[in-house]
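Colleague: sequence isn't available, so here's the structure alone:
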């Protein structure tokens, strides 16, 4: 081999294989296992970050104050780390931090452990992906989970992998879906503890609604990867518990989906491919022992495929899609549900973060245990999680809806929500079926578009200000129905679209909303779409990233931009903060990609000026200034 | 296209083509043309960087002092820029700066113009490379040249391209060699002005010695790309001037290469493929109108193929390879030469930077106009550039050698140089031919190895300290001859090798050397090989990068490490500094690659823990501190 030491072949292919990074056996000092107690207390122990959401309630709030409105202007990079490997595209992960080690996933199903002090790679795990994966929205991964001596992450071919956290060696790997028909996994898994059995569970969902697969939520033994329970999100499908059939999701007859007597299932074709994937990460209502998770859009997008012929779509809810689900941690039973978009005709999906929080009811003075969710459909929802744990959303149960307010301007599909029924007040904004002989239906104008008033990027809640911080966008789409039949492995939409601008001067609008009133307290506009998550701290700060490469810090009370740093590629990941050696750090990835450059139409064009990247950044105050 | 908006194919291939970055039409404020006067004064005008080497003499010294031994500890990143495009590997370029725009080349023949204030891409040019390029040592590029309204750079398929500096549009493109037989270009072109005609010339060389091609130096009209003159570096080959044959390089009979009466050329096979490529960048002796450039190794590496059968290799110099060449800017005639390694048997090549400088002779007190060069062969040479302009190196001319001192430890091939003859005092370290019937010769131990005591990465000279700063390495190789015949497009070495460590505790040794005495004034050791260039300033600082990702600053007088920053990938590029809006900036690329991870044997293994990258970094003092 050494006798002919020259590169004489196609560089893009040959060279790419020359120096594939290998896992390196650095001595890792991080041998302490992660306990459930540590995870349960994650939100108040700032020396580590042990869960997606930075706590069971997914508030993404840190009590740290060293970096604050006074000092943040001096914040500088401490180090950067390159994911390398001639693999870039979207970096959407939230990192974890434990014992001086940063655990982070990267595009193309890669996992890195990085020394938090030096920025040096401790180990790298690169999953070998098959050729025929079908991620709808870029080769992203949104982060790992950690428990005991293991870290966990999902792969683009619908598997979940457990690695030894100190060596990066594979402990177990479970394939949970057929990637060839569209199953994939991009969300971060989550650790919960069944409060009845005392068993710690690894909870994760599937992705793939755009290919017509039924979405599933799984709970596994973190030691072995064995499934404990599994819950399909389409009404009428059977769940599993301890390897056996358990209960059917909702009503066995699935009355929210039309019948089709000619079909072998007795239901319309869409019911067998109905989506509802819980593709993002859960939060955990520990008091009610409920896994709280968003369910994805129904498949196909085309509303008429899920509506009885000739009937009003509003009579066919396509349960349990496009809503927030409350699943019993012991049994995997779906206990409660609130649907953000009944019979979702616009791919509002809306399974991004459901944040648990409490507030005093202004009238009664009573503490309300609530859930908050900013949906792709443009509305910010506050729901009663006590009611949801007790069956809200099921027949003869009251709605859990406390409030629903628009958090973006120009919503076309509904004027608001009826708090008595929990149902939207729809405007006439469903795309009509193609006329006879036509290839497609008439194009209509819809805002928000399917990319959403917000999207996967998590909002945060600051208990000090009482405000939620939503990375939102103003945009719209031309939207039309198309003919469709299911074909395994092909897109299952029945819709065409083109994303366009809503306003000339901005797309992104970072907004602070009061969950008691729905009032927008402040907003900050961005020229490019916002596609990064948020973080808020007791330093009265909110952090996020921008598609044109900045990491930014804002005053949490008034939205004033206090600091920014240009990282060189678009930032579409989720910031974290932690304390180490007496210093507060902020960590985030840079690397542009995700759904916008793929499907964003005019916005994809707008962001073509952003180069790809793949790096983790750690920021802190200069020692000179911190010491003053 | 939008109707089927899902990725359902092999991500590594399909996705890579989805979002290939396009040149973007940002309004560039940089419409001022670059004049020859500005280039001539580059070394003393710190608001721009207009030439590789930061001045005609290639000293890489800046008079800036805001960042100095007192303040550098507070230096922080101002911004970073990602080259993107799922193309990483080695970033070896030195950037240029003009009118607030950074011009920099990247791996895979890419060119970027970046706003120096914000770090935003102004435009990008990605050259379309053919499949069958043959760069020996990674897909690197070492930087651009700038003149008038154009920027210039070489491509891996042996072309040189001129782009409009404000738009990135191609103005002209000239292919100068057949990439299929091994011609390529990785070095930065250089602007000189013929002091006789007043014509400004774009000077650049070819690469490809490892494939058995004759090395050429070219001078072109920067407006049109038309060749003005061309000089082959192998003795006895014919040059060109204004499109016609000009003069033969050296003696027409090429007495430094053996005859072979059976060959159609009358010379041995090697003579037709003799290497000597001037693959790095020139400096310009304006007083003598001389383009000063290093000539590469002879081809093949095997010393016996360039030695008359049965004779002593020391009688066959393989002119004009492995030495420093002085070429008349008017005519392209080779006027003077000093050979660092006669009949180079070890691929010492040694065409890295020849730095022009002056010093007072300690004895006579007279100003000496000298050239300095740290060679791969381990010796630091000081030559008399006045003599070299007047024919030194030719028969009956005195040698130009003033001094030759080892700058690394453990040199095996020579004990020193004879100052009277300018010739090395060789030790018995040439690898012997295979014994009859054997595939290869006996392996011998050689240090430095072919990767060199230093390599392409340029040293710097600080007139304040009077010291040169050499990024050097301590390493060795096992080395043996192999049988060989020329085959077009195949490696033409006749040698096998394995690179290994020389010392346990370090490979890199950053050394300051006094050119009057050859004394090593200080050294700084690095665990990994040093592969980045250097920069020195009147702030009494020296900057360089390390293969494990740091940019570092040292006290120029004593070598104390004063500052470092981890950039996340290995740093193997060349730092620059400039002043903008009253602030001093330091710029450098991060992105590991180059020859070491490809051919470095044990050192390739050592650096496998370094991830690839591709980013430009700008550093400066925090405003808060700079103002104090």
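Modeller: Thanks, I have it. All figures in this text were calculated on a predicted structure; none of them were measured in a lab.
Colleague: next one: the residue in the stretch 51-200 of chain A positioned nearest to chain B from residue A:503, what distance?
Modeller: Across the stretch 51-200 of chain A, no residue is closer to chain B than residue A:84, which sits at 2.8 Å (Cβ to the nearest Cβ). C-beta here means a position set from N, CA and C on the backbone, and glycine is covered the same way. Applying Cβ to Cβ, to the nearest Å, the value for residue A:84 to residue A:503 is 39 Å.
Colleague: so residue A:386, which of the three states?
Modeller: Secondary structure, DSSP: H, G, I helix; E, B strand; the rest coil: residue A:386 is helix.
Colleague: I'd like the distance from stretch A:601-619 to the chain centre, please.
Modeller: Mean C-alpha position of stretch A:601-619 versus that of the full chain (Cα atoms, centre = their mean, to the nearest Å) differs by 19 Å.
Colleague: still on that earlier bit, of residue A:84 and residue A:503, give the one with the bigger neighbour count.
Modeller: Neighbours per residue (other Cβ atoms under 10 Å in any protein chain shown) separate residue A:84 from residue A:503, with residue A:84 holding more: 29 against 13.
Colleague: quick one: contacts for the closest residue to the more buried one other than its chain neighbours?
Modeller: Using Cβ to Cβ, 6 or more residues apart in numbering or on different chains and skipping residues adjacent in sequence, the residue nearest residue A:84 is residue B:611, 2.8 Å away. Taking Cβ atoms under 8 Å, 6 or more residues apart in numbering or on different chains, we find residue B:611 in contact with A:21, A:81, A:82, A:83, A:84, A:85, A:121, A:124, B:568, B:569, B:592.
Colleague: all helices for chain A, in order.
Modeller: A:16-18, A:36-40, A:385-389, A:595-599, A:602-606, A:623-627 (DSSP state H).
Colleague: which one, of those, ends up nearest to residue A:482?
Modeller: Closest of these to residue A:482 is helix A:595-599, at 15.4 Å (criterion: Cβ to Cβ).
Colleague: do that closest one and chain B meet at all?
Modeller: Yes - judged by Cβ under 8 Å from any Cβ of the partner chain, helix A:595-599 and chain B are in contact via A:597, A:598, A:599.
Colleague: out of those, who's the most crowded?
Modeller: residue A:597 (27 neighbours).
Colleague: I figured it hits residue A:607, correct?
Modeller: Yes - with contact defined as Cβ atoms under 8 Å, residue A:597 and residue A:607 form a contacting pair (5.6 Å).
Colleague: mutual contacts of the two, please.
Modeller: With Cβ under 8 Å, 6+ apart as the test, residue A:597 and residue A:607 reach no residue in common.
Colleague: separation between residue A:285 and residue A:438?
Modeller: 48 Å.
Colleague: next: residue A:250.
Modeller: Look at residue A:250 and residue A:438: by Cβ to Cβ, they are 35 Å apart.
Colleague: comparing the two, which residue is more hemmed in?
Modeller: residue A:250 (22 against 13).
Colleague: show me what contacts the residue of the stretch 51-200 of chain A closest to chain B?
Modeller: With contact set as Cβ under 8 Å, 6+ apart, residue A:84 has these partners: A:21, A:614, B:88, B:569, B:592, B:610, B:611, B:612, B:613.
Colleague: could you dump those residues into a markdown table with pLDDT and distance to residue B:291 added?
Modeller: Formatted as a markdown table, those follow (pLDDT from 0 to 100; distance: Cβ to Cβ, whole Å):
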| residue | pLDDT | distance to residue B:291 |
| --- | --- | --- |
| A:21 | 33 | 41 |
| A:614 | 97 | 41 |
| B:88 | 93 | 34 |
| B:569 | 97 | 34 |
| B:592 | 97 | 32 |
| B:610 | 94 | 36 |
| B:611 | 95 | 39 |
| B:612 | 96 | 35 |
| B:613 | 96 | 34 |
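Colleague: ok, and the most crowded of those?
Modeller: residue A:614 leads these on contacts (other Cβ under 10 Å) with 36 neighbours.
Colleague: isn't it right next to residue A:86, touching?
Modeller: No - taking contacts as Cβ under 8 Å, residue A:614 lies outside contact range of residue A:86: 9.5 Å.
Colleague: how near is residue A:100 to residue B:130?
Modeller: Taking Cβ to Cβ, one finds residue A:100 at 47 Å from residue B:130.
Colleague: of the two, who's got more company?
Modeller: Between residue A:100 and residue B:130, counted using other Cβ under 10 Å, the more crowded position is residue A:100 (19 against 12).
Colleague: ok, the nearest residue to the more buried one once chain neighbours are set aside - how many residues close by?
Modeller: Once flanking residues are discounted, residue A:100 sits nearest to residue A:116: 4.9 Å by Cβ to Cβ, 6+ apart. A count of neighbours around residue A:116, defined by other Cβ under 10 Å, yields 25.
Colleague: same check, this time on residue A:220
Modeller: Residues lying near residue A:220 (other Cβ under 10 Å) number 23.
Colleague: check the one 3 residues further on too.
Modeller: The burial metric for residue A:223, expressed as a neighbour count using other Cβ under 10 Å, is 15.
Colleague: so what's it up against?
Modeller: Counted by Cβ under 8 Å, 6+ apart, residue A:223 has contacts A:148, A:150.
Colleague: and stretch A:566-583 with chain B, contact?
Modeller: Yes - judged by Cβ under 8 Å from any Cβ, stretch A:566-583 and chain B are in contact via A:566, A:567, A:568, A:569.
Colleague: so the second one makes contact with residue A:552?
Modeller: No - applying Cβ under 8 Å as the test, residue A:567 and residue A:552 come out as separate, 10.8 Å apart.
Colleague: which one of these two has more residues nearby?
Modeller: residue A:567 (30 against 20).
Colleague: for the more buried one, which non-adjacent residue is spatially closest?
Modeller: Using Cβ to Cβ, 6+ apart, the closest residue to residue A:567 is residue A:590 (3.7 Å).
Colleague: most proximal residue of the stretch 501-628 of chain A with respect to chain B?
Modeller: Relative to chain B, the nearest point of the stretch 501-628 of chain A is residue A:611 (2.8 Å; Cβ to the nearest Cβ).
Colleague: quick one: that residue and residue A:518, what's the gap?
Modeller: Note on residue A:611: its distance to residue A:518, by Cβ to Cβ, is 38 Å.
Colleague: what residues does the stretch 451-600 of chain A put near chain B?
Modeller: Counting by Cβ under 8 Å from any Cβ, the stretch 451-600 of chain A sits next to chain B at A:482, A:489-491, A:493, A:496-498, A:548-549, A:565-569, A:590-593, A:597-599.
Colleague: just the ones in strands from those, please.
Modeller: A:496, A:497, A:498, A:565, A:566, A:590 (DSSP state E).
Colleague: most neighbours, which of those residues?
Modeller: Within those, neighbour counts (other Cβ under 10 Å) peak at residue A:590, which reaches 29 neighbours.
Colleague: quick one: pLDDT of residue A:473?
Modeller: pLDDT, residue A:473: 98.
Colleague: number of nearby residues for it?
Modeller: Burial measure for residue A:473: 29 neighbouring residues, criterion other Cβ under 10 Å.
Colleague: contact partners for it?
Modeller: Per Cβ under 8 Å, 6+ apart, neighbours of residue A:473: A:408, A:448, A:451, A:452, A:453, A:454, A:455, A:507, A:508, A:509, A:529, A:530.
Colleague: what's the distance between it and chain B?
Modeller: Here the criterion is Cβ to the nearest Cβ, to the nearest Å. By it, residue A:473 lies 18 Å from chain B.
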